[in-house]
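S.K.: My questions concern the predicted model and sequence given below.
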Amino acid sequence: MDWSFPINISTQGVGIDNMFWLIFWITGAAFLIVEVGVLWFLWKYRARDGHKARYTHGHLGAEIIWTTIPAVTMVALGIMSGQMWADIRSPSSFPENALTIGVSAKQFEWNVTYPGADRVLGNEDDFTIRNRFEFPVDEPVIVRLESEDVIHSFFIPEMRVKQDAVPGMTIPIWFEATQTGEFQIACAELCGLGHYRMRARVVVHEADAFNRWYDEHTGAAQVAAAD
Amino acid sequence: MATMMAEPTGVPVRVEEHPQSFIRKYIFSTDHKIIGIQFLFTCLFFLLIGGLLAVMLRFQLGFPGATMPGGSLLPETMAPDGIILPEFYNSLVTMHGTFMVFFAVMPLLVGVYANYLIPVQIGTHDMAFPRLNMMSYWMFLVSGLIMLSSFWVIGGASASGWTQYAPLSASPEASGVSTGQILWIVSIAIFAFSSLLGSVNYITTIINQRAPGMTWLRLPLVIWTLFITAILGLLAIPVLTAALIMLLFDQTIGTTFFLPDTGGQPLLWQHLFWFFGHPEVYILILPGMGFVSEIIANGSRKPIFGYKSMVYAIIAIAGLGFIVWGHHMFQSGMNPALGMSFMITTLIIAVPSAIKVFNWMGTMWGGSIRFHTPFLFAVGFVMLFAIGGFSGIFMASSPVDIFIHDTYFIVAHIHYVLFGGSLFAIFGAIYYWFPKMFGRMINETAGKIHFFLTFVLFNLVFFPMHGLGMAGMMRRIYEPAQYEHLSGIQDTNTMVSWAAFGLFASGLYFMVLFFWSLFKGKPAPENPWEATTLEWTLPSPPMHGNWKELPTVYHGPYEYSHPDMEKDWLLQNERPDVVSPAHH
Amino acid sequence: MEAEASRFEPATFQVNDKKLGMWIFLASEVMFFTGLIGAYIILRWGAASPWPVPGEVLNVPITAGNTFILICSSVTMVKAFAAIEEGNQKMLKVWLLATAFIGASFVGVQVYEYTELIHHGFLPSSGLYGSAFFTMTGFHGLHVTIGVLCILWVAMKAFRGSYSQADHQGVEIIGLYWHFVDLVWIILFTIVYLI
């Protein structure tokens, strides 16, 4: 049985996991207060002969306390999460000069488009590989996510990245891997009959290995373009 | 409209002494109590259907590709040789959600108990518009049957999830379902109209028909929650109706609202759906909170702790409920800056829910607790709803939501809120008001067995789902173990499935108990729980028209254990000689 | 009973059931049209390609005239209500029938407009503008049609003498609905035809 997160190989994932555990401990404490409190009250205040319930309609002080503490906690969590969210998703957080790769989803495959030798996406020397997403470690990568038919969701669990691919929109996301290895893209949004098997290979290379792989393909693409 | 025109004045229906034919009395009845009971039987049937669908989809997850016992009874298009097909699996998850949300939980809360309880708790003869009320039930029944029939049309039932995300739901080529999809839309549109009729009725009745002395701050919390729920439904459901019409036209007459090829916007559907969908979440929980408040005060023999803050919390939840919908869309491609504001409102809406949980604990504090079955379910609600609330905080934090969105963590959360919350409250309400509705008691021991079975099995089914979600198991996946990161979870899924079958069995046990008690239960006294609200002054079951002479209300709804009194409860219509109004 | 109620319940909101029911129903209708209009706004101002100029697709002058007709029907509705307030049965019937007639004319002109548009190849499937135009005006037209039928129902009751100076709630309630439908049209006309 494996009930915890898969390993994290992303720079953004550290903060996400920490935030998860922070909320876990806060809500864990609240969980204990509520559950233990309820059980204790059930035991302590069970009906007994000759014992009458306390007649009270409330206590303003107590109510102020249990309104204020959750409110302050929530606002604090909101501010922290907001900062982290901005670091991941706001347009200004995107690294400049990052390797930009296009990913286009369609029922039920992931088409990954790499810029050609000019390193600019969206012109003729781009090349596309189906169901295989390769990128280098320790370097920020921007993915421009698109969909050809319905909504899919681009999910790499180990990268802590998930973003819907919406037809008619191009949605950029960015991340940076900290480890090499082979992983999978999974589709996380119900997209039809083959949704359950819509997966693709992810390969995170060492920088050298990636450059070799890349040169091979750009070379191939250039040859193909020349033909 | 025509019905509303028919009677020139606003005089509510009076007690009709003349005998009615069976058809008028039990089938096409305008008596709010009969309509409530009709809703109850119909909803229990749909609850059973929803449960059966869950069992089938859990079978596939627990035993992927195995032959389902009895599965060979299903048509070839669903499960050839008893093996569930992927397309049928997609229909199963879609229809399980649809039946549970629209045809079981929501009408159990509102259709059954708003109808049954509003007139008897506020002290009036019937609803403001009894015939609209009858129409509301019949439209509900028709919509449910249309939904059910869609399993047997060509292409099967809708397979685009109960949230019906366009363009999957808008184009038959994408989903492979055409007729079933159209039936889904038509069914929910009829349901929406039925719900509108109900809302108009409930709101008017509560505003206008309260008994003498029943001021707003003397209303039982059940009535407050049903009132606010009706307002939420009134304002949120028409937006869904508008969206459904656009979706229907996209499917049928070639409009392109949600189809991107000609400029339509898929995200528009999500905005409209969740603008409805989030208030809907509170429609699904608020009445449950009302039942639980009632039952906890009764079981603890204490006035509800912080009545006014309970009322304000209900109103706050309803108001905030309209500005949090975007938290369902953090990963949808919506502008990240919008995500930020939705995150803040979402985290703030946790506060009124927290207030309610603490107030329930405050009500138990210092009480003299009687552990009757309804009380056990109410406590179960508090314990499980709290867990659902806590898990909600994780996904409200948008960075954390990046990982857990669309995973089983969300599935765990929704079930803790909707099953551990709403359905536990509904079970509590069924046990609590059964004597009033049918004039018979449900055996306490049998009821407690049902509670413990349900409580234990529920947690065995849904608690591990948090873990599955953390492991990264996506929702609505026919065969999850084929993914590398999910290769280690099959044991958990199998265990969860066994527990789910047990949970379904405990549901069947409840159904048997319910129908057995209907005929064989001990006759119920007027006020078996020694409760305080007005319905307990009526015979069990109350007669047609409820009161010959309307009661007068002298004080708030939960006057338990007053120190100057011998007995520990004071009905709302009892003379307040000993209770000074200063307490309110 | 009334006296007792007021003793316990000072200053309760006292609007009779049916009128209150209509107000509540209209609140829901507001949200329905908000859904449609909101969708229109999002689609139009979020559109990637330029939006068609309404005047080039639609026959604005005819619809402007039709709008005027519908506003007139609100005036006749007010007249009908004023008549029965004074106990004038005859004028009540006249004004109710006039309102129903004008309302029906509005629907008639709309049907003519649709026929012409479809004839010129502008259909619900003609892109977003066609989608939105036919859905929004169509649902408004449906509301007008239902309104006309209800007014005819009320008029029939007026002919039976069901309303009096003291009790004429049916007229008031259908009036509320009718004015609402007119108001929605003015908004729709502005955003669909003019802007």
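M.R.: Cool, the structure landed.

S.K.: Remind me what the longest helix seen in chain A packs against, helices and strands.
M.R.: Using DSSP state H, we find that the single longest helix of chain A is helix A:11-44. Packed against helix A:11-44, as judged by 3 or more CB pairs under 8 Å, 6 or more residues apart in numbering or on different chains; DSSP states H and E, are the following elements: helix A:60-89, strand A:171-176, helix B:336-364, helix B:373-396, helix B:398-404. The C-beta positions use only the backbone N, C-alpha and C, and glycine is treated the same way.

S.K.: which one of these lies closest to chain C?
M.R.: helix B:336-364 (12.8 Å; CB to the nearest CB).

S.K.: which helices and strands does the closest one pack with?
M.R.: Secondary structure elements in contact with helix B:336-364, counted by 3+ CB pairs under 8 Å, 6+ apart, are helix A:11-44, helix A:60-89, helix B:286-300, helix B:307-321, helix B:373-396, helix B:398-404.

S.K.: Name the residues of it that are buried.
M.R.: Judged by neighbour count (16 or more other CB atoms under 10 Å in any protein chain shown), helix B:336-364 contains these buried residues: B:336, B:339-340, B:342-364.

S.K.: Give me the buried positions along stretch C:188-195.
M.R.: The neighbour-count criterion (16+ other CB under 10 Å) identifies C:Leu188, C:Phe189, C:Ile191, C:Val192, C:Tyr193 as the buried residues of stretch C:188-195.

S.K.: End to end on it, go ahead and measure it.
M.R.: 10 Å (CA to CA, to the nearest Å).

S.K.: Same check on stretch A:166-180?
M.R.: Start and end residues of stretch A:166-180 are separated by 29 Å (CA to CA).

S.K.: Distance from it to the middle of the chain?
M.R.: Relative to its chain's centre, stretch A:166-180 lies at 10 Å (CA atoms, centre = their mean, to the nearest Å).

S.K.: Now that stretch: average pLDDT?
M.R.: Computed over stretch A:166-180, the mean pLDDT rounds to 95.

S.K.: and if you look at stretch C:100-109?
M.R.: Model confidence over stretch C:100-109 averages 96 on the pLDDT scale.

S.K.: Same check on stretch B:444-458?
M.R.: Predicted confidence along stretch B:444-458 averages 97 (mean pLDDT).

S.K.: same thing with stretch B:420-435?
M.R.: Confidence for stretch B:420-435, expressed as mean pLDDT, is 97.

S.K.: Next, the buried residues of that stretch.
M.R.: Taking 16+ other CB under 10 Å as the basis for neighbour counts, the residues of stretch B:420-435 that come out buried are B:420-435.

S.K.: so B:Phe381 touches B:Gly428, yeah?
M.R.: Yes. Taking contacts as CB atoms under 8 Å, B:Phe381 lies within contact range of B:Gly428: 6.6 Å.

S.K.: which neighbours do the two share?
M.R.: Residues touching both B:Phe381 and B:Gly428 (CB atoms under 8 Å, 6 or more residues apart in numbering or on different chains) are B:Val292.

S.K.: Surely B:Val400 is in contact with B:Phe394?
M.R.: Yes. The pair B:Val400 and B:Phe394 qualifies as a contact (CB under 8 Å) at a distance of 5.2 Å.

S.K.: Common neighbours of these two, please.
M.R.: With contacts taken as CB under 8 Å, 6+ apart, B:Val400 and B:Phe394 have A:Phe20, A:Ile23 as neighbours in common.

S.K.: Compare neighbour counts for the two and give me the winner.
M.R.: Set side by side, B:Val400 and B:Phe394 show unequal neighbour counts under other CB atoms under 10 Å in any protein chain shown, the larger going to B:Val400 at 29 against 22.

S.K.: Let me see the contact set for that one.
M.R.: When contacts are counted by CB under 8 Å, 6+ apart, B:Val400 touches A:Ile16, A:Met19, A:Phe20, A:Ile23, A:Ser81, B:Phe394.

S.K.: Any stretches of chain C with poor pLDDT?
M.R.: Low-confidence regions of chain C, defined by pLDDT under 70, span residues C:1-13.

S.K.: For stretch B:453-466, buried residues please.
M.R.: Buried residues in stretch B:453-466, counted by 16+ other CB under 10 Å: B:453-455, B:457-466.

S.K.: hmm, stretch C:131-146 in reach of chain A?
M.R.: No. Stretch C:131-146 lies out of reach of chain A by CB under 8 Å from any CB of the partner chain, never closer than 14.9 Å.
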